[in-house]
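Enquirer: Coordinates only, no sequence provided:
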């Protein structure tokens, strides 16, 4: 089953809107530390791994990252640098892992790999650009929260992908859709 270019753009727009909605929900959830985020806005990106081509997933991630920067007023700040670097690195890892290991890794594994990559890149940038090596003192709780959150998101994405009528409509009843 293949989709027209217009349908593919509609899917990207819907997933981007979903990501921004989830980002807004995440923004109002109290955080124990300002830098700890659950990453729930990445759920649409995980779902897109089975529905879109790599360049379309990258477009989705770019829309998500830039729109979040506009919405939260961080577009020209170091926070945007963290978000952009972590998002791009994790996105590329998730795309690569899903494409290379499609039959051997679930969305849970892809989600954990993406979160770990994002967190490591953000820690490296924070240590290089702003706070120095002392930033690695927060690495254990940062990585722990990221891993737990990624597990929950990966399981949720798996469940959504398996049970969603919307996905079945796009992928076909046998899930025979391939980007």
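Expert: Thanks, I have it. Keep in mind that this is a model prediction, so the values were computed, not measured.

Enquirer: Any buried residues in stretch 42-54, and which?
Expert: Within stretch 42-54, the residues scored as buried using 16 or more other C-beta atoms under 10 Å are 42-52. C-betas here are computed from N, CA, C, even on glycine.

Enquirer: mind listing what the one residue sitting closest to the centre of the chain touches?
Expert: In the chain, the residue lying closest to the centroid (C-alpha atoms, centre = their mean) is residue 42, at 3.0 Å. By C-beta atoms under 8 Å, 6 or more residues apart in numbering, the residues touching residue 42 are 19, 90, 111, 114-115, 153.

Enquirer: Quick one: classify it as helix, strand or coil.
Expert: helix (DSSP: H, G, I helix; E, B strand; the rest coil).

Enquirer: And residue 12, by the same measure?
Expert: Classified using three-state DSSP, residue 12 is helix.

Enquirer: ok, back up a step: in helices, which of the buried residues of stretch 42-54 appear?
Expert: Per DSSP state H, helices hold the following members of the buried residues of stretch 42-54: 43-48.

Enquirer: Any chance of those in TSV with distance to residue 24 and pLDDT as columns?
Expert: Converted to TSV, these look like this (distance: C-beta to C-beta, whole Å; pLDDT from 0 to 100):
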residue	distance to residue 24	pLDDT
43	13	94
44	13	95
45	16	95
46	18	95
47	18	93
48	19	94
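
Enquirer: So which of these is the closest to residue 3?
Expert: Residue 3 lies nearest to residue 48 out of those, by C-beta to C-beta, at 13.0 Å.

Enquirer: Contacts for stretch 143-158 next, please.
Expert: With C-beta under 8 Å, 6+ apart, stretch 143-158 has contacts from 36, 38-40, 42-43, 46-47, 106-112, 114-116, 118-120.
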